[in-house]
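J.: With the sequence up front, the predicted model follows.
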Amino acid sequence: MTDTKQKYTAADIQVLEGLEAVRRRPSMYIGSTDERGLHHLVYEIVDNSIDEAMAGFCDRISIVIGHDGSVTVTDNGRGIPVDKHKRTGKSALETVMTHLHAGGKFDSQAYKVSGGLHGVGAAVVNALSSEMWVEVRRNSKVYRQVYERGKARGSLKTSSNGAKETGTTTWFLADNEIFEDTTFDFNTLKQRFREMAFLTKGIWITFADERVDRNVTYYFEGGVRSFVARLNKNRRTYHEPFYMERSTDGAIVEVAIQYNDSFNESTVSFANCIHTTDGGTHLTGFRSALTRVLNDYARKAKILKDADANLAGEDTREGLVAVVSVKLAEPQFEGQTKTRLGNADMKGIVESALGEALSTWLEERPSDARKIIEKCLTASRAREAARKARDLVIKKGFLDDSVLPGKLADCSERNPEVRELHLVEGPSAGGTAKEGRDRRFQAILPLRGKILNVEKARPDKMLAHEDIKAVITALGAGFGEDFNAEKLRYHRVIIMTDADVDGAHIRTLLLTFFFRYMPELIEGGHLYIAQPPLFRVQKGKDVRWFFTDQDKDAHMAKLKDGKGVTLQRYKGLGEMNPTQLWDTTMDPEVRTVLQVTVPDAMEADRVFSDLMGEEVAPRKRFIQAHYDQATLDV
Ligand code: 0RA
């Protein structure tokens, strides 16, 4: 972009403090010095370019991870101002780069994407980089300054290039004195950049990684409309996405909605490009507009008769995929993780903006409107059926731990904190595990094999499934909204499946079930995946087990002559005898178990949808590609 207006000057920047504080206590500024904090550095710099894009002065951002692990961020905005700052006597650029909280008037003018942990600015990144340089293209000149651990190394150098183009380039090398590990992860960054591109209509984001020679470019003409389309990839949808954007009361509200034929909701909300995983006022406004408008329409169109009850909020959210993105001047982020929007006025702002736009949209598309309402009505009837099924089930007592499943081989220890439940694939491996276990604290529940695909099943059907019933009953903590972690009979639940494609499938099905119906089990760190060995190598009396091809090959290479060496590959748990299973997979002293985490529930949800949705091809592809990966963060 070319130079447009330059009414902003150095005088607008206030100086607060130096950067020693940041180096002394980095976590206070970037949250942590682990992988998360490290990646924050990149977001900080990119956020500044996004701000410039939202102000309407920039439409290209490029990010490059260099061979040396450095990061370069380039934009075609107006360029950071370089004129002299009154109080510091230094250039605005140097002031911004070397002082904490050096902000300008533009802070409240534009919609800064920054908030929560973000927004601490380029100075913090500078303080935590062993080396950094910034290049500004402005006034047909190129300005450049180098920094070292937050301090300027030399003055601002100017050269004339006569070019009209403007922009800013920032290069930095994360300081290995500060960070445990300074290796950036391509996929983590990629995911965030994609999200930023969805949320900033019309921006081109190019991301290249020289270390592995990969690059991606994101551009979404439709903004959040493209976002819902992406979330619905591989799903059957009912209509073209609804989309609205409106600026009112000093805020921008952008919403996209598209229903699919599943029973789950995935609504993601953002405030100033920050994923508000705990929702907040904008999400509340969204929900109440949706329920109100759909009920009003259903009454007017006489799809809901006078005698019918209103649709409940949850009925309007089955199969709902929606993105709610708001931009506002002074976002307040609340909660422990600062991921809930607190600004009270955003509820009314979103509710009325969406209310109007959505009712107009429904009026104009009676056939889409009818499809959506019918879907909500089905949800409402199913909810009623599920309630009846649940009542029945509670009456029959199967959620009561006095009636434990017959197949469960329980343990003797009473304290749930040390009790483990092993969910074992197939009756034969189940038998081996029963013999091999330490019966004091290890319980075994053999599963029949394939469990039902919960994504496609209604709650009432799910409850009728034997293995699911057995798992719920054995755990004793209920499920869904009634799940109560305090009642868990085991604090460790370990999924033990064969190391083949079927095993991976069963594991994914179980993970889907837990993710949907007992997310607290995952969040509480109670869910694990056992790691049975793949190989057994014996030479004479020396027996070794290996979990990867590489380790096995390395060992084989050491046994110079292959004489008297036997190599066995273990595909199934059932191929081991009880002692072997204990020695390799169950003995807490030597075993490895992977803890299941939900690093990004949205991504996990998408993976599950790809896996479990109607389309068979992506599921097959996924299982084949990932069957040896055990955690959810694929
Ligand atoms: C404030 C004022 C102006 C530009 C910027 C900030 C700016 C900052 C960054 C950080 C990364 N890229 C950026 N691009 C622009 C210029 C105001 C004017 O020219 O009038």
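T.: Nice, I can see it.

J.: And A251, how far from the ligand?
T.: From A251 over to the ligand the distance is 21 Å, taken as CB to the nearest ligand atom, to the nearest Å. Where C-beta positions appear, they are placed from N, C-alpha and C, glycine not excepted.

J.: just L594 next, same as before
T.: 40 Å.

J.: longest helix in the chain, by residue count?
T.: Looking only at the chain and at elements set by DSSP state H, the helix with the highest residue count is helix 366-396.

J.: That one: which residues count as buried?
T.: Residues of helix 366-396 classed as buried: 368-370, 372-373, 375-377, 379-380, 382-383, 386, 389-390, 393 (neighbour count, 16 or more other CB atoms under 10 Å).

J.: Pull the distance from stretch 306-316 to the chain's centre.
T.: 32 Å (CA atoms, centre = their mean, to the nearest Å).

J.: pLDDT averaged over that stretch - what is it?
T.: Stretch 306-316 shows a mean pLDDT of 93.

J.: List of residues touching it?
T.: Contact with stretch 306-316 is made by 287-288, 290-291, 294-295, 298, 304, 373, 376-377, 379-380, 383, as judged by CB atoms under 8 Å, 6 or more residues apart in numbering.

J.: The same query, at a cut-off of 7 Å, please.
T.: Applying CB atoms under 7 Å, 6 or more residues apart in numbering, the set of residues contacting stretch 306-316 from outside is 287, 290-291, 294-295, 298, 376, 379-380, 383.

J.: For that stretch, output the C-alpha coordinates as CSV.
T.: Output in CSV follows, covering the C-alpha atoms of stretch 306-316 (Å, rounded to 0.1, in the frame of the first residue of the first chain):
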residue,chain,number,x,y,z
ASP,A,306,-50.6,-22.2,19.3
ALA,A,307,-50.7,-25.3,21.5
ASP,A,308,-47.0,-26.1,20.9
ALA,A,309,-44.3,-25.1,23.4
ASN,A,310,-41.6,-22.7,22.4
LEU,A,311,-38.3,-24.2,21.1
ALA,A,312,-35.8,-24.3,23.8
GLY,A,313,-32.3,-22.7,23.3
GLU,A,314,-30.7,-26.1,23.0
ASP,A,315,-33.2,-27.2,20.3
THR,A,316,-31.9,-24.4,18.2
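
J.: For the remainder of this discussion, apply numbering that starts at 42.
T.: Got it, the first residue is 42 from now on, which makes the last one we talked about stretch 347-357.

J.: Please point out which parts of it sit buried.
T.: 352, 356-357.

J.: could you redo the contacts of stretch 347-357 as CSV and give each row pLDDT and distance to the ligand?
T.: Shown next, in CSV, are these (pLDDT from 0 to 100; distance: CB to the nearest ligand atom, whole Å):
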residue, pLDDT, distance to the ligand
R328, 98, 36
L331, 98, 37
T332, 98, 41
L335, 98, 42
N336, 98, 46
A339, 97, 48
C417, 95, 45
A420, 89, 46
S421, 90, 50
R424, 80, 49
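
J.: Could you list the contact residues of the stretch 292-441 of the chain toward the ligand?
T.: Taking CB under 6 Å from any ligand atom as the contact definition, the stretch 292-441 of the chain does not meet the ligand anywhere.

J.: Helices of the stretch 292-441 of the chain, start to end?
T.: For the stretch 292-441 of the chain, the helices defined by DSSP state H, counting those that start in this stretch occupy 322-341, 386-405, 407-437.

J.: go on, the stretch 42-191 of the chain?
T.: 61-65, 68-71, 76-95, 133-139, 147-150, 163-168.

J.: what's the most buried one of these?
T.: Greatest average neighbour count among these goes to helix 163-168 (a mean of 27), per mean count of other CB atoms under 10 Å.

J.: Of the helices of the stretch 42-191 of the chain, give the one that comes closest to the ligand.
T.: helix 76-95 (3.6 Å; CB to the nearest ligand atom).

J.: and the closest one, what does it pack onto?
T.: For helix 76-95, the packing partners by 3 or more CB pairs under 7 Å, 6 or more residues apart in numbering; DSSP states H and E come out as helix 68-71, strand 101-106, strand 112-116, helix 163-168, strand 208-215, helix 227-240.

J.: tell me the phi and psi of the residue lying farthest from the centre of the chain?
T.: Centroid-distance maximum for the chain: K604 at 50.5 Å, with CA atoms, centre = their mean. For K604, the backbone dihedrals (degrees, to the nearest 10) come out as phi -70, psi 130.

J.: Closest residue of the stretch 292-441 of the chain to the ligand?
T.: Per CB to the nearest ligand atom, C314 is where the stretch 292-441 of the chain lies closest to the ligand, at 14.8 Å.

J.: Work out the gap between stretch 469-482 and the centre of the chain.
T.: Remark: stretch 469-482 is offset 36 Å from the chain centroid, using CA atoms, centre = their mean.

J.: pLDDT averaged over it - what is it?
T.: 95.

J.: what do you get for stretch 115-129?
T.: Mean predicted confidence for stretch 115-129 is 91.

J.: Same question for stretch 531-542.
T.: The average pLDDT for stretch 531-542 rounds to 90.

J.: tell me which residues in that stretch are buried?
T.: 531-540.

J.: among those residues, which are within reach of the ligand?
T.: Within the buried residues of stretch 531-542, nothing lies near the ligand by CB under 6 Å from any ligand atom.

J.: ok, and the closest non-adjacent residue to R489?
T.: Closest residue to R489 apart from its sequence neighbours, by CB to CB, 6 or more residues apart in numbering: D508 at 5.6 Å.

J.: if I read this right, the one you found contacts L488, doesn't it?
T.: Yes: using CB atoms under 7 Å, D508 makes contact with L488 at a distance of 4.9 Å.

J.: Of those two, give the one with the bigger neighbour count.
T.: L488 (25 against 22; other CB atoms under 10 Å).

J.: what's near enough to touch that one?
T.: Counting by CB under 7 Å, 6+ apart, the residues that L488 touches are 464-466, 508.

J.: same check, this time on L361
T.: When contacts are counted by CB under 7 Å, 6+ apart, L361 touches 298, 300, 306, 308.
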